[in-house]
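> mind folding the following:
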Amino acid sequence: ADKEVVLVAVKQFWEALQYASDELKADKDVVLGAVKQDWYALTFTSYKLKADKEVVLEAVKQSWDALRLASEELKADKEVVLEAVKKYGHALRYASEELK
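Numbers count the residues shown, from 1 in each chain. Model prediction:
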């Protein structure tokens, strides 16, 4: 896997992330490059990055629906959930019980 090649690809076309190696799907730089294009790229990332606050916040800032893909820990993170519910109150559905 070549990080430089994949990074250029995902910055132009976020869906290219689905063709990246598992190693690069777990690389924060690569995933952020894709998520900045479209929050839905989060679906192709590793669980580790679905638990990364910076990555998930970037996605949630684009769409409240990204909260459903976040780790359980981030569904309990007030900053992340607040960003999602600012977009659409229905996002509360995906928040942890402690925040409901």
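
> what segments of this protein are helices?
3-12, 22-25, 28-35, 47-50, 53-62, 72-75, 78-87 (DSSP state H).

> of these, which stretch is the most buried?
Greatest average neighbour count among those goes to helix 28-35 (a mean of 23), per mean count of other Cβ atoms under 10 Å. Every residue, glycine included, has its C-beta placed from N, CA and C.

> other SSEs contacting it?
Contact here means 3 or more Cβ pairs under 8 Å, 6 or more residues apart in numbering; DSSP states H and E; on that basis helix 28-35 packs against helix 3-12, helix 53-62.

> quick one on the thing from earlier: got the helices of the chain as CSV, with mean pLDDT columns?
Shown next, in CSV, are these (pLDDT from 0 to 100):
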stretch, mean pLDDT
helix 3-12, 96
helix 22-25, 96
helix 28-35, 96
helix 47-50, 95
helix 53-62, 97
helix 72-75, 97
helix 78-87, 96
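
> want to throw these into JSON lines with distance to residue 98?
Conversion of the helices of the chain to JSON lines gives the following (distance: least, Cβ to Cβ, whole Å):
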{"stretch": "helix 3-12", "distance to residue 98": "34"}
{"stretch": "helix 22-25", "distance to residue 98": "30"}
{"stretch": "helix 28-35", "distance to residue 98": "26"}
{"stretch": "helix 47-50", "distance to residue 98": "19"}
{"stretch": "helix 53-62", "distance to residue 98": "17"}
{"stretch": "helix 72-75", "distance to residue 98": "10"}
{"stretch": "helix 78-87", "distance to residue 98": "9"}
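
> of these, which is nearest residue 95?
Between residue 95 and the helices of the chain, the shortest gap by Cβ to Cβ is with helix 78-87, which sits at 4.6 Å.
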